[in-house]
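K.L.:
Whatever this is, show me its structure:
(chains A and B)
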Amino acid sequence: MSSSRLRLWIMPTQLGSLTSHVATKALRGFSRRNPKVDVEIRVLPWSIAWREILKALKRGEPPDVLQVGTTWMGTLSHLGFLGDVPEWVEERPCLAPWLDEAVQFDGIRRGVPWVAECSGLIAREDILSLAKASPSDLSTWNGFLGVCHHLAEDARRDVIDPFHPLPVGITCRPEPVTLHNLASWLWSGGWELGSLLDGHSAILAHESTKPGFKVLKDLLKVNRTAQDMGAIQPYRLSQDFYEEGRFAFLIGHTWRIVKGLLDPKTAAELRWPITYLPIPAGPAGSIQRGGGSVLVVPQHSLQSDRAWLLVRHMISDEFMSEWTMASGDLPAHESAFWEDPERARLLAPLREGIQRARIYPAHPMWATIESILGRGLSTILWSILSGEHIEERTKPMARKIDAELNALLRLGWDLDVNQ
Amino acid sequence: MKNLQDIDLGRLGSEAALCLCVPDTSYRIFQAACAVVLKGFEEAVEQVRLYLLDTKENVLCEEALIDHQGAMEGSDLIPLYQLPPELVRDHKVWQHGMGTQLEVLVPLTSQGKLVGLVGLVSLQPFSDVILEQLPFFAQSLVAGIMLVQRSREKRRSERLLHAATTTARALQSSDGVEDLLGNFALMAVEEMGFDRATFIIFEDDGKTVRKAICARAGSGIIELPVLPEISALEEASAGNLPGLWLPMRKGSRLLGALFVDNLYSVEPLPQDAVQVLSDLTGQAALALENARLIERLREAALRDDLTGLYRPNYFNERAHEELANCLRRGDSTGLLMLDLDHFKDINDTWGHPAGDLVLIRLAERLKVCLRVGDIACRKGGDEFIVLVPGLTAERGQKLSERLLEDVWEHPVELTGERTIRISLSVGLALFPEHADNWMDFWQHADEALYQSKTAGRGRFCMWGDEPHSVLHLDRKKA
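P.N.:
Got it, this is the predicted structure:
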């Protein structure tokens, strides 16, 4: 092989500025085996990654290997930007069937699942013990609401008191993260987003959203979240939970739990013991939202063989053992990581959560749909926070959002034309 | 650890600015400058962040973030209203606590206006002496930043100019309406970076969609399975979706419209590109009108003035093409020869204008009865020929019967409430069943027509077969 440079774009997750450093370290084996290949890493923040990636692909100047979110695959594949995955890249099966579904289009694999996650409840174990709440108490909506009511009675609202926290940290900003955090609750209530999008009719105003909105309303009420807390940034919310102890439960990302379980140093840095719990079951069960990242090689890559070699390395035990320990990102494939009995025991609830999770529909216009739904959910939850009645006020709001979604779907005149 | 007092901050700013004086305008360049700043401060500073002002949104956008562990592109946004007025208005250095750390925000100004910010995160408070020196650091650094900004703007303008000239050239050199609009849509996607560009051409009523041509990022021109709905386009332009509808008018007449959108990327539509596109759409409207005119002239040259059916020369060309296609497909093609019965009597009795009207009405009935791909021609006088791709003997019989019936059931209304009922004689031959070349094919259809006529008119005959009359027509005639 002649010498060459492979350009790799990844997103930082919680590693921040350390991402590039950790990735370079985890790529040592690859560099040793391919001494003439120089891997140049660009760390793109998630907030700008989607646009930067599409811009590069549209200009025909993409990097050789890209990390993309699972929900981006529908669009990138639809637009014909992704190369087919050679059979030799993946040696082991994925952790869950939805991970395969997320990368497969018309029977062709367009990406390799890299890391997997699922939504859930993050809970402070110390508060659960004080409240004498067992995981089974928290396994249903009613049980969970009961515990929240109990915690709310003792909660301090004037100041942050980590020993008398508010029940649950929820944010309802007009952003996709609101959808990501709350979709599981709506799904557990019976909302079938995928089939509703296909039907082009009522989506947020569909009857099946009723139980989900009802439980979210109850949660917001029991929390008695003031409006400024509804607008809190997800990062701040997370800080409030982990650092300040403002809430007993957090609806958010699980990486810190993984790191806490795997790395004693991180565990020691945690101010309170925390644990992962599945979303309490509603009328449709307990449905977690699955997600994660995929590694792809652009369609017209001039170095596709080398690029796929790099991808193969990035899903290998060698790379993932370092990456997961540093980042808290869980491998999407069955691997040595998952075979370790101690880890398997510690991470069993998360693994089960991932295996049972549901993903968003792989709609080519998902980015726009997600942004409309995020904004719509936020509007509805704000109206609930303002004390407005669900039926009277939120139904018209939901219908308005549905009208916008339907207007978008009517613009999809090229959706049946795949490349 | 270096004593902060010993650092020549003006010089450090210049060194960082020097990093920016290279042709690279990518994300790397600001990271490199921040790295120089971080190195210059040694352990005194934990992290350096660089923000640039988005003047349209009044938000400071983080461009780069670097600390002793590594670098990454920034993603933080600080709305100006969240910053103290002494920093935003008076451009004063501002120091504030962030948990266990302190952050010093150093405003970057150019020509008296805030253009950005450098954030220096430290564990120790900066002394007053250092705080006083930081504006010199900023002054030196800002020269390099402005250079990069100008290079970026220049690159963007150049890109846009290139897109505009390429599109304008494509408009001039396009051949025909489809080519023209296809090229324009492709330019909007490939050169200007929109996700999709869809051209919609209206019928002369300015409302009904006649055709749509769509170009899509990554896919080029794509065949649309459904025509866009105009109301959906208008709603999208009026709402929050990143889509824009640019009508193409000639005077008050709506010729078509271009709809550009970023519905896949959700990226806001770039206003400068929209402006260029809007100007080019005006040019495209003119080009479209010209192209349509040329197509109409071309079409007129191919068609018979009286009936609007094709002329024999064009028919012959198409017929030869169709026979080749037919052989490739492996099916059959039918040739119908039609003759208007007693046309001479009509002319003699009612006059030539009435005869012309009968021919026009007959052509109209043919258009109604035939499919889009069928090719009808006025051979001359009262004789017509029709080539029907994919025609079998059975369907040929049905089509002939239908033509005879339809023409009979639609009498021609003359002035003064007078009507003439007309009938046809039809001859039919099939290729390759009855002939393996054009000459024989033609000859056999002609012979079949002759048989129909000699058998008493008002009937059809397939070559090699007996003439068929249409029985219920006979009854109606009776």
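K.L.:
so what are the domain limits for chain B?
P.N.:
B:4-152, B:174-300, B:312-477 (automatic domain parsing).
K.L.:
which other helices and strands contact the host helix or strand of residue B:119?
P.N.:
For residue B:119, the host element (DSSP states H and E) is strand B:113-122. Counting contacts by 3 or more C-beta pairs under 8 Å, 6 or more residues apart in numbering or on different chains; DSSP states H and E, strand B:113-122 packs against helix B:28-41, strand B:47-54, strand B:59-67, strand B:101-110, helix B:128-173. To be clear about C-beta, it is placed using only N, CA and C from the backbone, and glycine gets the same treatment.
K.L.:
okay, the angle between the last one and strand B:47-54?
P.N.:
I take that to be helix B:128-173. Angle of helix B:128-173 versus strand B:47-54, following axes from the mean of the first three to the mean of the last three C-alpha atoms, to 10 degrees, is 50 degrees.
K.L.:
starting at the chain centroid, how far to helix B:128-173?
P.N.:
Distance of helix B:128-173 from the chain centroid (C-alpha atoms, centre = their mean, to the nearest Å) equals 31 Å.
K.L.:
Residue B:375: which of the helices and strands packed on strand B:113-122 is closest?
P.N.:
Of all these, it is helix B:128-173 that lies closest to residue B:375, at 30.6 Å by C-beta to C-beta.
K.L.:
What is the neighbour count of the closest residue to residue B:135 other than its chain neighbours?
P.N.:
Leaving aside its chain neighbours, residue B:135 sits nearest to residue B:93 (6.8 Å; criterion: C-beta to C-beta, 6 or more residues apart in numbering or on different chains). Using other C-beta atoms under 10 Å in any protein chain shown, residue B:93 has 21 neighbouring residues.
K.L.:
go on, residue B:389?
P.N.:
Count around residue B:389 with other C-beta under 10 Å applied: 18.
K.L.:
quick one: what helix or strand has residue B:198 in it?
P.N.:
Secondary structure (DSSP H and E) places residue B:198 in strand B:196-202.
K.L.:
Does chain A have contacts with that strand?
P.N.:
Yes. Against chain A, strand B:196-202 shows contacts by C-beta under 8 Å from any C-beta of the partner chain at B:196, B:198.
K.L.:
I would like the residues contacting that strand, please.
P.N.:
A:413-414, B:177, B:181-182, B:184-186, B:188-189, B:208-217, B:224, B:227-228, B:230, B:233, B:254-261, B:263-264, B:288 (C-beta atoms under 8 Å, 6 or more residues apart in numbering or on different chains).
K.L.:
What are the contacting residues of the strand holding residue B:119?
P.N.:
The contact list for strand B:113-122, computed with C-beta under 8 Å, 6+ apart, reads B:37, B:41, B:44-53, B:60, B:67, B:78, B:80, B:88, B:91, B:98, B:101-109, B:126, B:137-138, B:141-142, B:145-146, B:149.
K.L.:
next one: stretch A:11-30
P.N.:
A:8, A:10, A:37, A:39, A:41, A:43-46, A:49, A:67, A:253, A:255-256, A:259, A:293, A:309-310, A:313-314, A:316, A:318-319, A:322-323, A:326-329, B:47, B:65-67, B:69-72.
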